[in-house]
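Asks: Below are the sequence and a predicted model; questions follow.
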Amino acid sequence: MSFDPKELKEKYNPDGSVLWRMQERMLEVLMVIDGICRKHHIPYWLSGGSMLGAVRHGGFIPWDDDLDIEMLRPDFERLMKLLPSELPETMALQWHTTDPNYFFQFAKVRDRRSQLFERNGYDKVWKEHGIWVDIFPLERVPLWMHKLSNATFGHTYKMVRTSDDISGVMPKVRALAAFNRNVIFPMLRALAAILPCRYYDFGLGIPYFQHSLKSDYMPVRYVKYENVEAPIMKEAEKCLSYRYGDYMQLPKNPGSEYHSEDIEIY
């Protein structure tokens, strides 16, 4: 290890700091999701920077202000039906079934005892604004199909990002999101089912790429994550190398970008 964990913690997320309190709250949300997934035998694992933090830091990357998990699409669809009735009152599922203006193709579980706003501005018309954990679905699709879905769905992001009247443009955003979700994406999935493709990627319409084999994911491994144990994918190191290169080396300018602002934690 080429860094001092105590020094990093003292610099970026010392006990009692706003970021430390955010991470504590995210961990609490994660443990609630974990309990529901265990109860219903739904496999999931840490994703992206959260998995990197687990492997490199034994928990959060010290300057990280979000937490991501992922699962296969059938399990994701099951979980979306379970969460509204099984989450405690202090938390809420943010998905198109619970918030009509939420157009992302991955879900969030929000903490209702906090408030913040994302710097990208997409969340201005959403119902929930608390600290969150992202839940990403993965599915077997060719890379070109994933890119095509991002092109067809990307107009929703563009409309929200460029509009001077976000509330006014939301009916069009909702309609385009529904058309992709109910027409375009099912057609692409039906085509993917008969095409020779071994690789899984983030769900259609999600502008991130992973490109991994199903055998890379399960069975999951449990590792130390702060003061709990959390699952990571079976071939975590392989995936991290694909996405980050030499992932054990710290970036040159860590902690320079955060997702949120105007943070209040109750």
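Replies: In hand now; what should we look at? Residues are numbered from 1 along each chain as shown.

Asks: after the biggest helix by length in the chain, next one along is what?
Replies: Ranked by residue count and defined by DSSP state H, the top helix of the chain is helix 18-39. Sequence order places strand 45-46 as the next helix or strand after helix 18-39, per DSSP states H and E.

Asks: helix/strand/coil for residue 108?
Replies: strand (DSSP: H, G, I helix; E, B strand; the rest coil).

Asks: Heading C-terminal from the lengthiest strand in the chain, find the next helix or strand.
Replies: Determined from DSSP state E, the single longest strand within the chain is strand 132-140. Downstream of strand 132-140, the first helix or strand assigned by DSSP H and E is helix 143-162.

Asks: Which positions in that next one come out as buried?
Replies: 145-146, 149-150, 152-153, 156-157, 159-160 (16 or more other Cβ atoms under 10 Å). All C-beta spots, glycine's among them, are computed from the backbone N, C-alpha and C.

Asks: now stretch 81-91
Replies: 83, 86-87, 90-91.

Asks: Sitting in helices, which of these do you find?
Replies: Using DSSP H, these in helices are 83, 86.

Asks: Take the buried residues of stretch 81-91 and lay them out in TSV including distance to residue 104.
Replies: Listed next are the buried residues of stretch 81-91 as TSV, based on distance: Cβ to Cβ, whole Å:
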residue	distance to residue 104
83	15
86	21
87	18
90	22
91	18
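
Asks: Give me the angle between the one helix or strand in the chain whose mean pLDDT sits lowest and helix 18-39.
Replies: When the helices and strands of the chain are compared on mean pLDDT, DSSP states H and E, strand 260-265 comes out lowest with a mean of 84. Per axes from the mean of the first three to the mean of the last three Cα atoms, to 10 degrees, the angle that strand 260-265 makes with helix 18-39 is 80 degrees.

Asks: packing partners for strand 260-265?
Replies: For strand 260-265, the packing partners by 3 or more Cβ pairs under 8 Å, 6 or more residues apart in numbering; DSSP states H and E come out as helix 18-39, strand 114-118.
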